[in-house]
Structures are given as structure tokens and as C-alpha cells.
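In: After the sequence you'll find the predicted model.
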Amino acid sequence: MTVDVEPRNETGTTVLLSGNEAIARGAVEAGALVAVGYPGTPSTEILESIAHRTDMQVRWSPNEKVALDVALGASLGGVRTLCTMKHVGLNVAADTFMTMAYTGVSAGLVIVVADDPGMHSSQNEQDTRAYARMGGVPLLEPSNSKEAKAFTALAFEISEQFDTPVLVRTTTRVSHNRGVVELGDRMDKPVVGFERNPQKYVMIPGHARGRRPALLRRLTELAEYAEASPLTKESGTGDSFGIVTSGIVHNYLREVLPDAKALKLGMSYPLPIERIREFSKTVDRLFVLEELDPIVENDLRAAGIAVEGKEFFPQVGELSPDAVRRGFAAAGILPEYLSIEPAPGTVTRPPLLCPGCPHTPPYLALKRLGAVVTGDIGCYTLAALEPLSSMDTCIAMGSSIGMAVGMAASGGAGAPVVATIGDSTFLHGGIAGLADAVYADANITVIILDNGTTAMTGGQEHPGTGTTLQGAEAKAVDLVGLCEALGVRDVRVIDPYDMGATYSAIEGAVAHIGPSVVITNRPCVEAPVKVRDTPFKVIAEACTACQLCMTAGCPSIVWSEETFEGRRKVVIDPVTCTGCTICAQLCPPLAIIPVTSGQEAAR
Ligand SMILES: Cc1ncc(C[n+]2csc(CCOP(=O)(O)OP(=O)(O)O)c2C)c(N)n1
């Protein structure tokens with residue numbers, strides 16, 4: 001999505017901001033001096049929208065665990081700090097998260113976690129509200145951009161008042177919807193400085209044992225705060241039924257039942273249980289309307305409050321006004337719901353790698369080799385789909401290498417075992433896996449697809465790119481040196497556009513006994529600048545309709561109306577072709593050549 005640069009110092013003006021931009025603005029107004037995170041949809045634009053600020057340090061970390069460590073260090077150093085990630089990022093950061101709930105913070109520390117119900121761009125749809133409960137960390141849930149700004153700013157206050165990190169949870173629709181926000185002043189929050197306190201900050205068992213009761217006491221105080229907090233808002237009328245909601249779902253409720261009696265929870269952990277109990281006494285039936293898991297529903301049941309919920313509203317995927325309408329119809333609140341079926345004949349198109357994507361050739365080579373490919377998360381995961389169909393597993397960021405080690409150890413692969421991993425993902429969570437491959441002397445090949453960016457989430461910088469989020473030059477990790485230092489004896493660097501070299505390097509690396517690494521070196525075609533070389537064309541008379549070029553899955557190659565021996569020939573769209581040469585190298589009759597004139601290219 002497009003990111004607007006967050007407007008500076010325009011107090012009192014109203015602007016349209018996405019939820020993510022509003023969160024960033026909330027941190028700015030709260031006087032945060034450090035903002036750190038790792039990209040991940042739907043959270044990425046939070047940091048991007050404030051990268052221009054010279055009065056803050058805004059940084060990408062190599063992964064969410066490091067980001068949260070940096071955030072805690074900055075908070076203990078005495079500056080208000082924002083930390084951002086997507087929901088699965090909190091799994092990576094969970095080790096720090098669970099213990100920082102014990103230590104507490106110094107200056108305010110707010111962790112924004114963006115959930116992705118419906119898995120628009122994620123490998124699972126876990127519910128961050130469960131982490132709040134597991135860690136004992138308060139959680140705020142804005143339902144629009146205005147609240148996103150206000151709740152983030154308030155989260156810094158709560159963090160300092162209760163000496164705790166605070167979670168702000170969004171979901172895709174809150175993060176990406178736009179709404180009107182009034183800008184306020186930026187608070188001046190000078191650096192407080194670090195105060196040594198080993199009992200609080202050194203979590204050896206003897207100290208941690210003291211901090212655990214402190215954590216529980218803090219939760220009791222936070223629950224009292226929640227009971228009295230204006231974050232809990234009652235609206236609507238009626239006594240036959242009432243609804244407890246939070247986040248985006250409240251908007252769906254208001255679309256479907258504009259006047260129904262509702263209690264909206266701005267702070268959904270700890271819950272204002274007594275307030276909800278009082279509310280429940282004013283209605284005959286109490287519903288909990290929540291996306292994903294029945295978390296509030298279960299909490300209310302445990303508190304002895306009779307509720308209805310997941311028997312009417314799905315636990316899987318995103319809710320929508322439609323799903324809410326359907327649920328209330330099933331509950332007998334609304335008349336029978338007649339669903340509108342989509343028009344027949346809607347064509348679905350699977351996602352593909354971009355024209356000219358340098359990830360394509362290694363997967364063509366792996367398909368030819370029949371390798372068992374443990375994949376990872378990034379653009380290249382699309383190689384699992386047709387026509388490349390050359391990835392066998394994909395679980396979590398960095399998992400490819402460890403899984404390859406295990407697959408090799410099992411002796412059951414029946415083919416060469418190759419892990420494929422992007423540069424950002426390798427630096428995020430792959431290095432320890434490669435150390436293990438060396439330690440285990442595993443007979444595997446690791447292909448690091450180094451396109452010089454974090455392409456999947458829109459092209460973010462990382463420690464291997466040589467630049468920072470704020471545009472400064474930085475030292476770039478030397479991937480070859482790193483692999484060699486870990487003990488890999490066979491490290492090859494290839495230009496993936498050179499198909500012959502790519503095939504032979506991968507075959508050579510696979511033949512090597514022990515762990516080997518192949519690193520590709522072509523930048524992403526989209527970042528940092530769009531690659532546009534001379535496009536290619538098909539000489540129709542020379543095309544034998546062998547369709548080998550189609551195996552690359554390039555969206556620029558499309559079917560022609562012409563046929564040869566009953567098979568369809570192909571043509572290349574000169575507008576989207578980047579001139580990468582991959583299809584030309586695949587063409588046996590050499591029927592694919594560069595266009596020779598601008599006129600031809602424009603056709
Ligand atoms: C724990 C976690 N954090 C963040 C993400 C979001 N995400 C998916 S892939 C990816 C990195 C992709 O970059 P890279 O590995 O370099 O591959 P590319 O897309 O550039 O091919 C990120 C940040 C995620 N899925 N899981």
C-alpha cells in the first residue's frame with residue numbers, strides 16, 4: 001500500500017491517515033524517540049511513514065526478537081519507544097516478550113502487533129490477544145484511525161504508569177483503512193537516562209521470583225484501571241440483547257445493528273469484568289462478537305457470565321458485516337439471512353513471480369534436478385505454485401535450513417535436499433540453521449536468493465542492503481564471508497539470469513558432499529528502482545509452439561492466436577517485459593529476440 005509521509009507539527013489540522021500512519025503519529029505525539037521493528041503485512045507502513053523524521057531514530061531490525069531487544073534497551077535508557085511487527089513476529093520475539101513483562105520498563109514502551117485474520121498475507125492467523133494473557137501484558141484494540149492514534153499515545157502513558165510494556169493490537173482492516181485524524185502537538189520527552197537496578201532488570205531465578213508476584217499485582221491494578229477507563233464505551237439501547245465487541249468488529253456491528261446495545265472494549269486485556277457483568281444484567285441475552293478465537297467469550301464464561309458467541313460467528317477467517325448479519329440471523333435476532341452468491345464464471349488468477357524475477361531460474365534448475373526443496377517465506381514461496389511447482393515445504397521464517405538438515409538426517413528424501421531462502425529471511429532466522437547444517441555436516445545445499453531487499457513486504461532495507469530505513473549508508477553483511485565463517489566449504493555466487501551458470505552451479509553444489517551454499521546476486525526487478533531493459537519479442541514464424549518458455553511462469557508471456565501443429569504459439573507483452581532474457585535462453589529455436597525499435601516496443 002502507498003505510505004504517506006506523516007505530517008509534522010500541524011496541530012489542530014485534520015488529515016486522512018491509515019491506521020498504521022495514525023499509530024506512527026500517536027507515537028510521534030507521545031514524544032517517542034526510538035521506533036523499531038521488522039516488516040510484515042499488515043504492520044509495515046507504521047515505521048515507513050515516520051522514516052523521514054530527523055527527531056527520531058526509526059529502524060528496521062534483522063528480526064522481531066532483535067527489534068524488541070532494541071526497544072527494551074532504549075526504554076531502559078529512558079526514551080519512549082515504539083516497536084512494530086506482524087502477529088507471527090511476536091512468536092519470534094516471544095522469548096524477550098515473556099520476560100520483559102517481569103522486568104517492566106523505564107520510559108514507555110509500546111509494542112504494536114498487527115494480526116491478519118483471513119491470512120491475506122500470512123502463514124497462519126494466530127490471535128495476539130492470547131499472547132497478552134500468556135504474558136500478562138495489557139492490550140488495547142483501536143477500531144479506526146482516530147483511535148489508533150489516541151490509543152497509541154495513551155499506551156505510552158499506561159506503560160509508564162504501570163511499569164509495563166503495552167500491546168496495541170490491530171488487524172488488517174484497522175491498519176489499512178483510512179480515517180479522519182486530528183493532529184496534536186509532539187510532547188517533549190527528554191532522555192531520562194538508565195538507572196541501574198539489577199533486581200528488576202537481571203532476570204536470574206532469584207530476582208525473577210520476586211518479579212512474578214509484582215507482575216500479578218500489576219495486572220490487578222490494570223484490571224481496576226480497565227473498570228474505570230473511558231476506553232470501555234457503552235452505546236445503543238434495548239434490553240432484549242447486548243453485545244460485547246472490540247476492534248474492527250465494532251464497526252461491522254454498527255453497520256448491521258446501528259442501534260443495538262453494545263459495550264465496546266478499547267482495552268481488551270485485562271477485561272473490565274465487573275463493568276461487563278453490570279452490562280450483562282441489563283439485557284436478556286449477551287453476545288460476544290469477536291474475530292478469531294473465543295477469547296473474551298471464554299474469559300466471560302470463566303467469570304460466570306452467561307454469553308453466546310462462536311456458535312453463531314465463525315472462528316476462522318475475517319468477520320465482515322455479512323458474517324455478522326448471518327450470525328445474528330442464526331441467533332434469531334435478525335430475520336432469515338439470504339446470502340448473495342457471487343456471479344458465476346468468476347476467474348481466479350494465482351499470484352505469480354514478476355516478469356524478470358531473478359528467483360525464477362534457480363527453481364527451474366531445482367525442478368530439473370527433482371530436488372526436495374524445503375522453502376521459506378518471501379516472494380520466492382510462489383515457486384510452490386504452477387508452473388514452477390518446485391517447493392515442498394514452507395513453515396516459518398528461517399525454517400528452510402533446519403528442515404533441510406532434518407530431511408537429510410531422515411535419509412528419506414530420495415532426492416538431493418535443497419533449502420531456498422531469501423536474503424532478508426536468511427538474516428532474520430536462517431543463520432543459526434546454517435550453523436547447524438555445518439555442525440551436523442549435513443548433505444544439503446542452501447540457496448540464498450539475494451535480491452538485495454525484503455521484496456515481499458514492499459522492498460525494505462535490512463542489514464545486507466547497505467542502507468537504512470532513514471536513508472543513511474550502512475555496512476552491508478558480507479554473505480559469502482558469513483557462510484565461510486560458519487564453516488561452509490563450498491560457497492558459490494551466481495548471476496541467476498545466466499541460466500547455464502545457474503544450472504551448473506546448483507548441480508555442482510548438490511554434488512558436493514556436506515553443506516554447500518549458492519548465493520544469487522541479481523537485484524529485485526522492483527526495488528530499489530524498477531528494472532526496464534530492452535523488451536523481447538517472439539518471431540512468430542520461428543516459434544515452434546514448444547511452450548518451454550511458458551515453464552518459467554512469466555506473466556509477460558501470453559498465448560498467441562497462432563498455432564503450430566495444433567499447439568498454441570506465444571507472444572510477449574513488450575510493456576511488462578523487463579528484458580531479463582530468461583525466456584530467450586529457454587527457447588530451442590531461438591525465436592525470442594530483443595525488440596529493435598521503440599515503435600516495436602510500444603506495440
Ligand atoms: C516472523 C515473520 N516476520 C515477518 C514476516 C513477513 N515477511 C514475509 S516474507 C518476508 C521477507 C522476505 O524477504 P526475503 O527473504 O529477502 O525474500 P524476497 O521477498 O525479497 O524474495 C517478510 C518480512 C513473516 N511472514 N513472518
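Out: Thanks, I have it. Quick caveat: nothing in here was measured; it's all calculated off a predicted structure.

In: Going by C-alpha atoms from here, please, whenever you check contacts or count neighbours.
Out: Noted.

In: what does the stretch 401-550 of the chain have sitting close to the ligand?
Out: For the stretch 401-550 of the chain, the contact set with the ligand under CA under 6 Å from any ligand atom comprises 422-425, 451, 453-457.

In: which among these gets closest to residue 334?
Out: The shortest approach to residue 334 among those belongs to residue 457, at 40.6 Å (CA to CA).

In: longest single helix anywhere in this structure?
Out: Counting by DSSP state H, the longest helix found in the chain is helix 205-228.

In: Which positions in the helix or strand following that helix come out as buried?
Out: Where DSSP states H and E defines the elements, the next helix or strand beyond helix 205-228 is strand 232-235. The neighbour-count check on strand 232-235 (16 or more other CA atoms under 10 Å) flags residue 232 as buried.

In: other SSEs contacting the helix or strand just after strand 232-235?
Out: Per DSSP H and E, the first helix or strand lying C-terminal to strand 232-235 is strand 237-245. If you count contacts as 3 or more CA pairs under 8 Å, 6 or more residues apart in numbering; DSSP states H and E, strand 237-245 packs onto strand 260-265, helix 273-281, strand 285-288.

In: In JSON lines: those, plus mean pLDDT and mean neighbour count.
Out: JSON lines is the format used below for the helices and strands packed on strand 237-245 (pLDDT from 0 to 100; neighbours: other CA atoms under 10 Å):
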{"stretch": "strand 260-265", "mean pLDDT": "98", "mean neighbour count": "23"}
{"stretch": "helix 273-281", "mean pLDDT": "98", "mean neighbour count": "16"}
{"stretch": "strand 285-288", "mean pLDDT": "98", "mean neighbour count": "21"}
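
In: secondary structure class for the nearest residue to residue 63 once chain neighbours are set aside?
Out: With sequence-adjacent residues excluded and distances taken as CA to CA, 6 or more residues apart in numbering, residue 63 is closest to residue 428, at 4.8 Å. Following DSSP: H, G, I helix; E, B strand; the rest coil, residue 428 is assigned to helix.

In: what's the burial count for residue 428?
Out: Residue 428 is flanked by 22 other residues according to other CA atoms under 10 Å.

In: Please apply the same query to the one 10 residues further on.
Out: If you count neighbours by other CA under 10 Å, residue 438 ends up with 21.

In: likewise residue 393?
Out: Neighbours of residue 393 using other CA under 10 Å come to 18.

In: how about it, phi and psi?
Out: Backbone geometry at residue 393, expressed as degrees, to the nearest 10, gives phi -140, psi 150.

In: That one and residue 385: what is the separation?
Out: For residue 393, the distance to residue 385 equals 12 Å [CA to CA, to the nearest Å].

In: got it, and residue 206?
Out: For residue 206, the distance to residue 385 - CA to CA - is 52 Å.

In: These two: which is more packed in?
Out: Set side by side, residue 206 and residue 385 show more neighbours around residue 385, with 15 against 10, by other CA under 10 Å.

In: just the strands in the stretch 301-450 of the chain please.
Out: Here the stretch 301-450 of the chain has its strands, by DSSP state E, counting those that start in this stretch, at 372-374, 417-422, 444-449.

In: and this protein, what are its domains?
Out: Here the domain assignment for the chain is 14-228, 232-330, 360-520, 536-602, based on automatic domain parsing.

In: Can you flag the weakest of those by average pLDDT?
Out: Lowest mean pLDDT of the domains of the chain: domain 536-602, a mean of 93.

In: Show me the strands in the stretch 501-603 of the chain, by range?
Out: Listed in chain order, the strands of the stretch 501-603 of the chain (DSSP E, counting those that start in this stretch) span 516-520, 536-538, 557-564, 567-572, 592-594.

In: Any chance of JSON lines for those strands, columns distance to residue 274 and mean neighbour count?
Out: Shown next, in JSON lines, are those (distance: least, CA to CA, whole Å; neighbours: other CA atoms under 10 Å):
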{"stretch": "strand 516-520", "distance to residue 274": "59", "mean neighbour count": "27"}
{"stretch": "strand 536-538", "distance to residue 274": "69", "mean neighbour count": "24"}
{"stretch": "strand 557-564", "distance to residue 274": "63", "mean neighbour count": "14"}
{"stretch": "strand 567-572", "distance to residue 274": "66", "mean neighbour count": "19"}
{"stretch": "strand 592-594", "distance to residue 274": "73", "mean neighbour count": "20"}
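
In: got the ones you listed as JSON lines, with distance to residue 189 columns?
Out: Listed next are these as JSON lines, based on distance: least, CA to CA, whole Å:
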{"stretch": "strand 516-520", "distance to residue 189": "45"}
{"stretch": "strand 536-538", "distance to residue 189": "57"}
{"stretch": "strand 557-564", "distance to residue 189": "56"}
{"stretch": "strand 567-572", "distance to residue 189": "58"}
{"stretch": "strand 592-594", "distance to residue 189": "59"}
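
In: helix or strand right after the helix or strand hosting residue 148?
Out: For residue 148, the element it lies in under DSSP H and E is helix 145-162. Downstream of helix 145-162, the first helix or strand assigned by DSSP H and E is strand 166-171.

In: Any chance you could list what contacts the next helix or strand after that following strand?
Out: Counting by DSSP H and E, the next helix or strand C-terminal to strand 166-171 is helix 172-176. When contacts are defined by CA atoms under 8 Å, 6 or more residues apart in numbering, helix 172-176 is touched by residues 1, 18-20, 41-43, 114-117, 142-145, 247-248.

In: Starting from helix 172-176, tell me the next helix or strand along the chain.
Out: strand 178-182.

In: partners of that following strand, with directions?
Out: Strand 178-182 sits in its sheet next to strand 14-18 (antiparallel), going by DSSP bridges.

In: Of all the residues in the partner strand, which ones are buried?
Out: Under 16+ other CA under 10 Å, the buried positions of strand 14-18 are 15-18.

In: what's the angle between that strand and helix 145-162?
Out: Orientation check (axes from the mean of the first three to the mean of the last three CA atoms, to 10 degrees): strand 14-18 against helix 145-162 gives 80 degrees.

In: Convert the C-alpha atoms of strand 14-18 to PDB, please.
Out: What follows is strand 14-18, C-alpha atoms only, in PDB (Å, rounded to 0.1, in the frame of the first residue of the first chain):
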ATOM      1  CA  THR A  14      -7.400  17.100  10.400                       C
ATOM      2  CA  VAL A  15      -5.900  14.700   7.900                       C
ATOM      3  CA  LEU A  16      -6.800  11.300   6.400                       C
ATOM      4  CA  LEU A  17      -4.500   8.600   7.800                       C
ATOM      5  CA  SER A  18      -4.400   4.900   7.600                       C
END
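
In: What parts of the protein come near the ligand?
Out: Residues of the chain found near the ligand (CA under 6 Å from any ligand atom) are 39-40, 88-89, 92, 122, 377-380, 397, 422-425, 451, 453-457.

In: Now do the strands in the stretch 1-150 of the chain.
Out: Under DSSP E, counting those that start in this stretch, the stretch 1-150 of the chain gives strands at 14-18, 34-37, 57-60, 81-86, 109-115, 139-140.

In: Can I get those strands in CSV including distance to residue 222?
Out: CSV is the format used below for the strands of the stretch 1-150 of the chain (distance: least, CA to CA, whole Å):
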stretch, distance to residue 222
strand 14-18, 29
strand 34-37, 25
strand 57-60, 30
strand 81-86, 21
strand 109-115, 16
strand 139-140, 10
